[in-house]
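> structure for this input, please:
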Amino acid sequence: MIWYLFLQIFGENKFELEVIEQLDSPCLQNETAIWYLPGPVTTREQNQLMRLTEYVEERELHLIPDSINCFHSFEKPSLLLVDDNNDLRGIYDLTIREVDRAMVEIDLLMTLQNE
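Residues are numbered from 1 along each chain as shown. Just a heads-up that it's a prediction; the model follows:
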């Protein structure tokens, strides 16, 4: 986040969050959210999911469980970052590294949306 702001002020900002694909699902609500695709998880993965849940709530976003299998083509368990245009911006598993990456990319997306 600091690098993003530094480059925004003093240089060329090359931090962008690419659109992976445009999603077309009746489940989408045209809001920035993290979708959780449930599946069997270990205790370690459950801890990461709880950590991400707290992080998302602090930013007043939603962590939405895919309880009716809207995203059947994605591996489970996983997390999807979807923006308010229903663009898929990130796919993450429940490892520490991937949840950390999701947190950074959530902040980056929120910053880009507020510009």
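> so what's the spatially most central residue of the chain up against?
In the chain, the residue lying closest to the centroid (Cα atoms, centre = their mean) is residue 81, at 2.8 Å. Residue 81 makes contacts with 32, 34, 88, 89, 90, 91, 92, 102, 105, 106, 109, as judged by Cβ atoms under 8 Å, 6 or more residues apart in numbering. From N, CA and C alone the C-beta is placed, and that goes for glycine too.
> do you know how far residue 95 is from residue 18?
21 Å (Cβ to Cβ, to the nearest Å).
> more crowded one of these two?
residue 95 (12 against 8; other Cβ atoms under 10 Å).
> just the pLDDT for that one.
Among the per-residue scores, residue 95 shows a pLDDT of 94.
> how much space between the residue lying closest to it once chain neighbours are set aside and residue 18?
Once flanking residues are discounted, residue 95 sits nearest to residue 48: 6.9 Å by Cβ to Cβ, 6 or more residues apart in numbering. With distances taken as Cβ to Cβ, residue 48 is found 24 Å from residue 18.
> tell me the bridge partners for the residue nearest to the centre of the chain.
Beta-bridge pairing for residue 81 (DSSP bridges): residue 34, residue 90.
> that one and residue 39: what is the separation?
Taking Cβ to Cβ, one finds residue 81 at 18 Å from residue 39.
> all strands of this structure, in order?
Along the chain, counting by DSSP state E, strands occupy 21-22, 33-37, 62-65, 78-82, 87-92.
> the fourth one to strand 87-92, inter-axis angle?
If I follow you right, that is strand 78-82. Orientation check (axes from the mean of the first three to the mean of the last three Cα atoms, to 10 degrees): strand 78-82 against strand 87-92 gives 150 degrees.
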